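Engineer: Here is a sequence with its predicted model. Questions after.
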Amino acid sequence: MTICSRRNFVSGMGALILMTGTTIKSVAQNEKSLKTVRYAMVHDETACIGCTACMDACRKVNSVPEGVSRLEIIRSQPYSEFPHVKYEFFRHSCQHCSNAPCVSVCPTGASYIDKQTGIVDVNRDLCVGCQYCIVVCPYRVRFIHPVHKSADKCNFCRDTNLAKGKQPACVESCPTNALTFGDINDPNSSISLKLKTTQNYRTKVELGTQPNLYHIPSKEGEIRR
Ligand code: SF4
Ligand code: SF4
Ligand code: SF4
């Protein structure tokens, strides 16, 4: 090989390495941009004091009328004897199932999973009030909204607080930080770290719904299924 052709070869290799580097970088960037967010929530039953501030905040922020609710904190039977009575508190709300039966049965596409966030939501304009989604939800969290007459439930404040860049109303209002919300597809998010560092459970996983509401079990009572 002459000096000239060797020089061409070396500069060609350099260009190839540079191009390969660029290609690797752009593939990595594409992969990053393709990674979707999956919002989830953790209710820490060991930190919950049953104050119901979250329920009140949800009602106010999302204009939920009396008589129906998107979120309930259910108090258990008392444990131990007076004066050392203890309770456990359980969050009852939409689980934002990754495999959501309410979405599968909806005949109009009104019930859907938002591709950007994984949030299960309802398009009121498409809802005909047939109630199939209410019947099929194994968690019993849906209702017909008495004012707009379409199916309704928790949507992680997608169109209210989240749209303003805030945390869901329940999370914002909790005085004991019993609620953690975030992206479980991000391994460094506070929710991912919480799930990695605690014992936690989800309900009715045997149905294949893939719920995205997690609970850190209370030290009292029994784990619900
Ligand atoms: S909890 Fe019920 S309403 Fe919520 S996504 Fe699952 S099936 Fe649908
Ligand atoms: S009530 Fe509305 S959201 Fe539910 S299944 Fe019927 S059309 Fe779909
Ligand atoms: S605001 Fe927090 S402490 Fe109070 S009931 Fe809700 S989750 Fe529990």
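Structural biologist: Yes, it's here. Residues are numbered from 1 along each chain as shown. Ligands and ions are numbered 1, 2, ... in the order given.
Engineer: For Tyr112, give the beta-bridge partners.
Structural biologist: Asp121 (DSSP bridges).
Engineer: For Cys106, see how far away it is.
Structural biologist: Distance, Tyr112 to Cys106, by Cβ to Cβ, to the nearest Å: 8 Å. All C-beta spots, glycine's among them, are computed from the backbone N, C-alpha and C.
Engineer: between those two, who's got more neighbours?
Structural biologist: Neighbours were counted for Tyr112 and for Cys106 using other Cβ atoms under 10 Å; Cys106 has more, 22 against 16.
Engineer: now that one, nearest residue through space, not along the chain?
Structural biologist: Cys133 (5.6 Å; Cβ to Cβ, 6 or more residues apart in numbering).
Engineer: What are the boundaries of the strands in this structure?
Structural biologist: 39-44, 71-75, 89-93, 111-113, 120-122, 143-144, 151-152, 179-183, 213-216 (DSSP state E).
Engineer: The first one pairs with which strands?
Structural biologist: Same thing as strand 39-44. Applying DSSP bridges, strand 39-44 is found paired with strand 179-183 (antiparallel), strand 213-216 (parallel).
Engineer: Of all those, which one comes closest to ligand 3?
Structural biologist: With distances scored as Cβ to the nearest ligand atom, the stretch of the strands paired with strand 39-44 nearest to ligand 3 is strand 179-183 (5.2 Å).
Engineer: If I take that closest one and strand 89-93, what angle do their directions form?
Structural biologist: 40 degrees (axes from the mean of the first three to the mean of the last three Cα atoms, to 10 degrees).
Engineer: avg pLDDT for strand 179-183?
Structural biologist: For strand 179-183, the mean per-residue pLDDT is 98.
Engineer: ok, now stretch 64-79?
Structural biologist: Stretch 64-79 shows an average pLDDT of 95 in the prediction.
Engineer: hmm, back to that, nearest to ligand 1 among the strands paired with strand 39-44 would be which one?
Structural biologist: Evaluated with Cβ to the nearest ligand atom, the strands paired with strand 39-44 place strand 213-216 nearest to ligand 1, the distance being 7.9 Å.
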